[in-house]
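*Asks:* My questions are about this predicted structure, shown below with the sequence.
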Amino acid sequence: VLDPEGEYAPVAKIFHPDTVVVKVREGEDLGMDPLRISHEGVISKYQVAEILADLYYIPEELRPYLRADIKHVSSLEELISKAHEKYRDKIRAAMAPPDEYVYRGRPVPLTDRMIFDISEVRDPRLKVVISAMISMYLAEKLIFYQDPARPKLLAVDEAWIFSDYPAIMSLFNDIARRGRKRNVVFMFISQKPADVARNEVGRTILEQSDTSILLHQKEASLRVLQEIYDLTENEKKTLLEADPGRGIIRTSGIKSDITIKVTKFEMKMFSTKREVKKE
């Protein structure tokens, strides 16, 4: 689980004590050099180039230089040392504070249950950088190395934070598409579907999801969701007026009303509202 707000780790440890929680802290080496962890079988160097270009604001006219240079290197540090002068100053930011620790060191070994808690990273852009690199690492491990017959789950919460980064959204789309053949369930969670749909690839992810659960929505989001899921006026009204836990599920092209009922114990365990936790 990629957990930007630290909401999953406390609960996971209660139900599954063997869950490994990686607490990402600024300044501590994370070992997520995309060129060291990527392989042509899953994440290509072209994808790495596009993600780095998005993260470090390399304009489209300079990206061909990056794509050419990245073919001949095996680490981010080596890329920077050999980078063309036209984009070198921009990519150098990757190995300067505060980003450098993201790429230094070695990544933590993957275990059966793992949560990457990024809640202590407050800078929004840095949180996106970290999330993108961890997603790349998990995609490599789950799709390329793991037994394809073994069921696997990769969950990304607060997915709307990536809506301004087309290359990262393309990575998620690739994980969803290729993961189906390798028994990987990709769970894409967002409270702002309109922001996700603003990105063309994000819209594709929403449209092609095998199963979608839509809960209470605001009017602005409903306009987008109506186009994507062909909502009727009654379905729009259901989502607009929905109480917590009530909504619509679409699976295999079929839509149905859904009500998720939880016990008081479950509500106390899983709710993020302080007043519920205190009861």
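*Replies:* Received it, and whenever you're ready, just let me know what you need.
*Asks:* how close does the spatially closest residue to residue 196 that is not a sequence neighbour get to residue 109?
*Replies:* What sits nearest to residue 196 in space, not counting adjacent residues and going by CB to CB, 6 or more residues apart in numbering, is residue 202, at 4.0 Å. Yep, even glycine has a C-beta here, placed from its N, CA and C like the rest. Distance of residue 202 to residue 109, given as CB to CB, to the nearest Å: 31 Å.
*Asks:* Strands of this structure, start to end?
*Replies:* 2-3, 20-23, 114-117, 152-156, 184-188, 211-214, 246-251, 254-259 (DSSP state E).
*Asks:* Show me the longest helix that occurs in the chain.
*Replies:* With secondary structure taken from DSSP state H, the chain has its longest helix at helix 124-139.
*Asks:* How about residues contacting it?
*Replies:* 2, 4, 24, 26, 30, 32, 34, 37-38, 42-43, 48, 51, 55, 98-99, 102-103, 107, 110, 116, 118, 121, 154, 156, 161-162, 165, 168, 171-172, 174-175, 179 (CB atoms under 8 Å, 6 or more residues apart in numbering).
*Asks:* Run the angle between that helix and strand 152-156 for me.
*Replies:* Angle, helix 124-139 to strand 152-156, by axes from the mean of the first three to the mean of the last three CA atoms, to 10 degrees: 170 degrees.
*Asks:* what residue ranges in this protein score low on pLDDT?
*Replies:* The model of the chain has pLDDT under 70 over residues 39-41, 274-279.
*Asks:* these two touch, right, residue 21 and residue 7?
*Replies:* No - if you go by CB atoms under 8 Å, residue 21 and residue 7 don't touch, sitting 12.0 Å apart.
*Asks:* And the closest residue in space to residue 170 that isn't next to it in sequence, how far from residue 12?
*Replies:* Once flanking residues are discounted, residue 170 sits nearest to residue 201: 5.0 Å by CB to CB, 6+ apart. Distance from residue 201 to residue 12, counting by CB to CB: 29 Å.
*Asks:* Backbone dihedrals for residue 113, please?
*Replies:* phi -130, psi 120 (degrees, to the nearest 10).
*Asks:* Just list the residues touching residue 74, thanks.
*Replies:* 35-36.
*Asks:* Wait, the residue nearest to residue 170 touches residue 173, no?
*Replies:* Yes - taking contacts as CB under 8 Å, residue 201 lies within contact range of residue 173: 5.2 Å.
*Asks:* residues near residue 236, how many?
*Replies:* By other CB atoms under 10 Å, 17 other residues sit near residue 236.
*Asks:* Run a quick neighbour tally on the closest residue to residue 87 other than its chain neighbours.
*Replies:* What sits nearest to residue 87 in space, not counting adjacent residues and going by CB to CB, 6+ apart, is residue 62, at 4.5 Å. Per other CB under 10 Å, the neighbour tally for residue 62 reads 14.
*Asks:* Residue 62 contacts residue 89, correct?
*Replies:* No - using CB under 8 Å, residue 62 is not in contact with residue 89, being 10.7 Å away.
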